[in-house]
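A.B. asks: this is a predicted model, with the sequence first.
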Amino acid sequence: MGRKARNKQAPPTPLPGSDLDKSKKSKGKKKAPSTANPAKAVKATSLPTPGKARKPRVKAVDRVDDDSDAEEALQQGDWSDEEDEVPVKNAKKQPKEKKGKKAKAAADSDDDLDNGPAKELVFTDSEDEADINGGKESLPAGLHDFDLDEAPEEDDDEDDEVLGDEFPEFDVEDDEFMEEDDEADSAFASDEEDADGDAAMAEGDDEDDDEDGAIQTNLEDDLEESYTLPAVDGIEEEHEHGVSLRDVEQRMRWLVGVCSGKDDKTSIGVPGKSRSDHLVQLEHDIATYFGYNHFLVNKLMRLFTADEALAFFESNESPRPVTIRANTLRTRRRDLAQALINRGANLEPIGKWSKVGLQVFESPVPIGATPEYLAGHYMLQAASSFLPVIALAPQPGERVLDMASAPGGKTTYISALLQNTGVVFANDSNKARTKSLTANVHRMGCKNVVVCNYDAREFPRVMGGFDRVLLDAPCSGTGVISKDASVKVNKSERDFQLLAHLQKQLILCALDSVNANSATGGYVVYSTCSVTVDENESVVDYALRKRPHCKLVSTGLEFGVEGFTSFEGKHFNPTVNLTRRYYPHKHNMDGFFVAKFKVGKRGKKATEAEEEEEVTGDIVPEGQEEPKKAVFDAAEDDAIIKEGKRVHLLKTKGIKIAKDKSAAPAKAAPSSSGQIKTAKSKKVTEKRRQK
Ligand SMILES: C[S@@+](CC[C@H](N)C(=O)[O-])C[C@H]1O[C@@H](n2cnc3c(N)ncnc32)[C@H](O)[C@@H]1O
């Protein structure tokens, strides 16, 4: 197996264990260079890089954001997938294992189709709390930029027909995939030759070659005797003498075995070292091998067991499948499939859980520039992005608020589920992004959408009394690292604190914008494309505490992992288990989180808790509760943010500020991060302090 095969997207089942096996089997064949420069080594050994794994088969003109909606049955709770009516011969159904390969696209290649629009994770690391409380554009720019031209006018007859969702049968032609594998293998083989060539340039290459056998022996027999833990014992040694990424990788996989304790042979580890010593080294090796900052590796590793963590990081190295959502305002999924198949595309339904999703394995034409795309017959949308809308389950005739909606993947899905009835207020605080939102709304033929441009924290003062609210919150993007590798290095503890703070503010506004007396609704869906607990369960738990009249309900989603009910000593409301998590290595889709709230009537307790809140003077439709102004109780986060700011100044500028005793204790710095630098100067001027 070639090196690149390691990056192969896993089928939607957990990977743990399999990589270790694969790795062992391929060890003897691979030759990696030794280099003192890890960056160089990355190149030389083709370190898995998103998008580099395979030449993409599917091309798109636009970089489309994956944040999208998914279609579900128009009826709430109807998950059945109707029988396909028209057999379509052109489509080649692929065995599951091979889908990942086929769909692989080079994420960082300009003319490749992205699973979604390039995520613009521009988080302003403002040092000022005012930014988060008042600055409109100091927030993370969010995901998915669509860069679309104005779409053609919608068809006149679009709402004449009740659109079905049948899908044609496909022929299975495995042989073709076998051929493809062969091709791939030879490509891998030549990569290996390259690697050998590179290795030959490196010092001590001959020795490396000679030692291959020894390495093999080490892996199989006495691994624990072969490895040291330089991150624990003195990292300088590796820095001085250089380290080959292959060595790092081998140690990393071995450490996973040690830390998981699943294999008697490898579980022993380095004599005299504790499990946490091994974990420190593992964290360090993952950061080196996959190119993350230590802080983020530490943060993400806490979510998983060691073997699952490795699977997660590996899955971030390959793009997710290319998926599209048929726009039922314009077409039927089977008609769309037929049209794309006629253009030579190879696709199939996304899964039984969606009646409108299609997975595109390959296409000779750019999938973001077909006539069908331009005519609004589909949206390029990541599978995960379907989920919040499915959970929201808007009903025809309802008033829906999409609080952070650009570029409109979910908005246009909501509009379709409403069958162009009712109204969707599609809001986004970023004016520039509302342009692509508007373009998509036009292209998709959504007549029931009103685009607005407020900071969502102004709701419900601007408008309230909605039947349903979607808050697809701005987030760190730790679930979409395969699309935006910059997340690996550009996030700090402070970013997570500021984001969580904003998300808590936004979720209260979302809950307060709902009409508890809605005859058909009264729901809020909160989602992020992040996997961190700070941005997900903590936010939901906070909302439950601050709004006791609201409760979590089932998302209605068929799959997904339960949200954490406790995490690192923190205990959340037990109903947080109703939330759902999605992971790239488990579900073969972007990391995602979905929670659904039912907003009840304010009881005495809730009213007392909010009685000091200012009542807005908005006109409220008859029979609806007057919306409250959402007052954010910032005390909880203030202490954390203050402390975060103190640590941030110390780390980035060397400025020492006395710890505020009233502030919450900062989280322990990651043990292996080496992030905290010593203060450069103890003398701090008043000016700098203010800064
Ligand atoms: C995850 S993206 C939304 C993606 C969108 N729901 C979709 O499906 O296409 C988050 C969005 O939140 C917006 N945003 C950030 N802060 C906001 C705020 N305070 N109020 C409203 N929108 C905000 C960003 O501009 C960004 O477009």
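C.D. replies: Received it, and whenever you're ready, just let me know what you need.
A.B. asks: how much space between the residue nearest to Gln395 when sequence neighbours are not counted and the ligand?
C.D. replies: Leaving out its chain neighbours, the residue that sits closest to Gln395 by Cβ to Cβ, 6 or more residues apart in numbering is Thr520, at 4.8 Å. Yep, even glycine has a C-beta here, placed from its N, CA and C like the rest. Using Cβ to the nearest ligand atom, to the nearest Å, Thr520 is found at 22 Å from the ligand.
A.B. asks: tell me how many other residues crowd Thr520.
C.D. replies: Thr520 is flanked by 15 other residues according to other Cβ atoms under 10 Å.
A.B. asks: just checking, it touches Val400?
C.D. replies: No: counting by Cβ atoms under 8 Å, Thr520 does not reach Val400; the two are 10.9 Å apart.
A.B. asks: distance check, whatever residue of the stretch 251-400 of the chain ends up closest to the ligand against Ser527.
C.D. replies: The stretch 251-400 of the chain approaches the ligand most closely through Ser385 (5.8 Å), counting by Cβ to the nearest ligand atom. For Ser385, the distance to Ser527 (Cβ to Cβ, to the nearest Å) stands at 9 Å.
A.B. asks: one more: Gly422?
C.D. replies: From Gly422 to Ser527 the distance is 21 Å (Cβ to Cβ).
A.B. asks: those two - which one has more neighbours?
C.D. replies: Just comparing Gly422 and Ser527: by other Cβ under 10 Å the higher neighbour count belongs to Ser527, 30 against 20.
A.B. asks: quick one: name the residues of the stretch 251-400 of the chain near the ligand.
C.D. replies: For the stretch 251-400 of the chain, the residues in contact with the ligand (Cβ under 6 Å from any ligand atom) are Ser385.
A.B. asks: by residue count, tell me the biggest strand in the protein.
C.D. replies: Counting residues, the longest strand in the chain under DSSP state E turns out to be strand 592-599.
A.B. asks: partner strands of that one, with direction?
C.D. replies: According to DSSP bridges, strand 592-599 forms sheet pairs with strand 523-528 (antiparallel), strand 550-553 (antiparallel), strand 580-582 (antiparallel).
A.B. asks: need the contact list for Phe496.
C.D. replies: Listed by Cβ atoms under 8 Å, 6 or more residues apart in numbering, the contact set of Phe496 reads 299, 476, 532, 534-535.
A.B. asks: can you check Arg251 too?
C.D. replies: Arg251 sits in contact with 227, 281, 285, where contact means Cβ under 8 Å, 6+ apart.
A.B. asks: so which residues of the stretch 251-400 of the chain form strands?
C.D. replies: With strands called from DSSP state E, counting those that start in this stretch, the stretch 251-400 of the chain shows them at 322-326, 346-349, 357-362, 378-380, 399-402.
A.B. asks: dump those to TSV, plus distance to Leu578 and mean pLDDT.
C.D. replies: As requested, the strands of the stretch 251-400 of the chain are exported to TSV (distance: least, Cβ to Cβ, whole Å; pLDDT from 0 to 100):
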stretch	distance to Leu578	mean pLDDT
strand 322-326	25	98
strand 346-349	28	97
strand 357-362	24	98
strand 378-380	28	98
strand 399-402	21	98
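A.B. asks: now render these as a markdown table, adding mean neighbour count and distance to Val480.
C.D. replies: Below are the strands of the stretch 251-400 of the chain laid out as a markdown table (neighbours: other Cβ atoms under 10 Å; distance: least, Cβ to Cβ, whole Å):
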| stretch | mean neighbour count | distance to Val480 |
| --- | --- | --- |
| strand 322-326 | 31 | 14 |
| strand 346-349 | 23 | 22 |
| strand 357-362 | 24 | 18 |
| strand 378-380 | 29 | 14 |
| strand 399-402 | 29 | 19 |
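A.B. asks: in TSV: these, plus distance to Phe496.
C.D. replies: As requested, the strands of the stretch 251-400 of the chain are exported to TSV (distance: least, Cβ to Cβ, whole Å):
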stretch	distance to Phe496
strand 322-326	28
strand 346-349	37
strand 357-362	31
strand 378-380	29
strand 399-402	24
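A.B. asks: returning to that earlier point: so what sits against both of Ser385 and Ser527?
C.D. replies: Shared contacts of Ser385 and Ser527, defined by Cβ under 8 Å, 6+ apart, are found at Phe592.
A.B. asks: quick check: closest non-adjacent residue to His648.
C.D. replies: In space, and not counting its chain neighbours, His648 is closest to Arg494: 4.7 Å by Cβ to Cβ, 6+ apart.
A.B. asks: my guess is that neighbour contacts Arg646. True?
C.D. replies: No: the pair Arg494 / Arg646 is not scored as a contact, 10.1 Å apart, by Cβ under 8 Å.
A.B. asks: related to what we said a few turns ago, in helices, which of the contacts of Arg251 fall?
C.D. replies: 281, 285 (DSSP state H).
A.B. asks: from the contacts of Arg251, which has minimum pLDDT?
C.D. replies: Ranked by pLDDT, the contacts of Arg251 bottom out at Tyr227, which scores 73.
A.B. asks: where does that residue fall, phi/psi-wise?
C.D. replies: Note on Tyr227: its backbone torsions stand at phi -110, psi 150 [degrees, to the nearest 10].
A.B. asks: where's it relative to Ala404, distance?
C.D. replies: Per Cβ to Cβ, Tyr227 is found 46 Å from Ala404.
A.B. asks: wait, Val243 touches His284, no?
C.D. replies: No: the criterion here is Cβ under 8 Å, and Val243 misses it with His284 at 10.7 Å.
A.B. asks: looking at these two, which has the bigger crowd around it?
C.D. replies: Counted by other Cβ under 10 Å, Val243 and His284 do not tie: His284 has more neighbours, with 27 against 21.
A.B. asks: so what's that one closest to, chain neighbours aside?
C.D. replies: Ala231 is the one closest to His284 (Cβ to Cβ, 6+ apart), at 3.9 Å.
A.B. asks: circling back: overlap in contacts of Thr520 and Val400?
C.D. replies: Shared contacts of Thr520 and Val400, defined by Cβ under 8 Å, 6+ apart, comprise Asp467.
A.B. asks: need the strands paired with strand 592-599 in a markdown table with distance to Ala432, can you?
C.D. replies: Shown next, in a markdown table, are the strands paired with strand 592-599 (distance: least, Cβ to Cβ, whole Å):
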| stretch | distance to Ala432 |
| --- | --- |
| strand 523-528 | 22 |
| strand 550-553 | 33 |
| strand 580-582 | 29 |
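A.B. asks: want to throw those into a markdown table with distance to the ligand and mean pLDDT?
C.D. replies: Output for these, formatted as a markdown table (distance: least, Cβ to the nearest ligand atom, whole Å; pLDDT from 0 to 100):
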| stretch | distance to the ligand | mean pLDDT |
| --- | --- | --- |
| strand 523-528 | 7 | 98 |
| strand 550-553 | 20 | 98 |
| strand 580-582 | 15 | 98 |
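A.B. asks: looking at those strands, which one is packed in the most?
C.D. replies: Most buried of the strands paired with strand 592-599 by mean neighbour count (mean count of other Cβ atoms under 10 Å) is strand 523-528; its value is a mean of 27.
A.B. asks: may I have the longest strand of the chain as PDB, with CA atoms only?
C.D. replies: Provided in PDB are the C-alpha atoms of strand 592-599 (Å, rounded to 0.1, in the frame of the first residue of the first chain):
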ATOM      1  CA  PHE A 592     -20.900  18.900  13.500                       C
ATOM      2  CA  PHE A 593     -23.200  19.400  16.500                       C
ATOM      3  CA  VAL A 594     -27.000  19.700  16.600                       C
ATOM      4  CA  ALA A 595     -29.300  20.500  19.500                       C
ATOM      5  CA  LYS A 596     -33.000  21.100  19.400                       C
ATOM      6  CA  PHE A 597     -34.900  23.100  22.000                       C
ATOM      7  CA  LYS A 598     -38.600  23.400  22.700                       C
ATOM      8  CA  VAL A 599     -39.500  26.800  24.000                       C
END
